[in-house]
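**Q** model the structure of this input:
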Amino acid sequence: MKKVLLFGTFDFLHIGHIHILETAKKHGDRLVVSVARDCVVEAIKGKKSIHNEQERKRIVESLSLVDEVVLGDERMSTYEVVERVQPDVIVLGYDQEELKQDIERFLKHTGKQIDLLVADAYGKDKRKSSMIKKALHI
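**A** Got it, this is the predicted structure:
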């Protein structure tokens, strides 16, 4: 069974999230989603998410595309979630370039043989969470 791990914040769901979930699911038999912890979201984005980590986890768990949801690491660049999940494939969003570079360093350092894929954007001009939040004034 091929296991896919997808990282994300998933502060509120939109069509771009559905696109990346569908893309990730195509690369394996079991899709595990790592929902970013509140402390990591705030450190990366400089602000709190609309929904807390437990709410975001519950929202993603409700999706039939997803087989399992876990909370991500509380410290950046540790990848304890990778150790727990043991994925065959990691899928990232088109806008997660820094995370991609960090995971590449982790994989090289640990010698883990995990495929790292980047999903293409779904209408990235309008379907990115930050742009939708801006349009909604939130």
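
**Q** Arg58 and Gly123, how far apart?
**A** From Arg58 across to Gly123, the span is 27 Å (CB to CB, to the nearest Å). Placement of C-beta: from N, CA and C, glycine included.

**Q** same check on Asp115?
**A** Separation of Asp115 from Gly123 (CB to CB): 26 Å.

**Q** repeat for Leu13
**A** With the distance defined as CB to CB, Leu13 ends up 15 Å from Gly123.

**Q** ok, now Val33?
**A** Computed with CB to CB, the distance linking Val33 and Gly123 is 21 Å.

**Q** now do Asp38
**A** Distance of Asp38 to Gly123, given as CB to CB: 28 Å.

**Q** using PDB, write out every CA atom in the top helix by length along the chain.
**A** What stands out as the longest helix in the chain, according to DSSP state H, is helix 97-110. Taking Å, rounded to 0.1, in the frame of the first residue of the first chain, the C-alpha atoms of helix 97-110 are listed here in PDB:
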ATOM      1  CA  GLU A  97       8.800  26.400  -2.000                       C
ATOM      2  CA  GLU A  98      10.500  27.000   1.400                       C
ATOM      3  CA  LEU A  99       9.000  23.800   2.800                       C
ATOM      4  CA  LYS A 100      10.100  21.900  -0.300                       C
ATOM      5  CA  GLN A 101      13.700  23.000   0.200                       C
ATOM      6  CA  ASP A 102      13.600  22.200   3.900                       C
ATOM      7  CA  ILE A 103      12.200  18.700   3.300                       C
ATOM      8  CA  GLU A 104      14.800  18.100   0.500                       C
ATOM      9  CA  ARG A 105      17.500  18.900   3.100                       C
ATOM     10  CA  PHE A 106      15.800  16.600   5.600                       C
ATOM     11  CA  LEU A 107      15.600  13.700   3.100                       C
ATOM     12  CA  LYS A 108      19.200  14.100   2.100                       C
ATOM     13  CA  HIS A 109      20.400  14.300   5.700                       C
ATOM     14  CA  THR A 110      18.400  11.200   6.800                       C
END
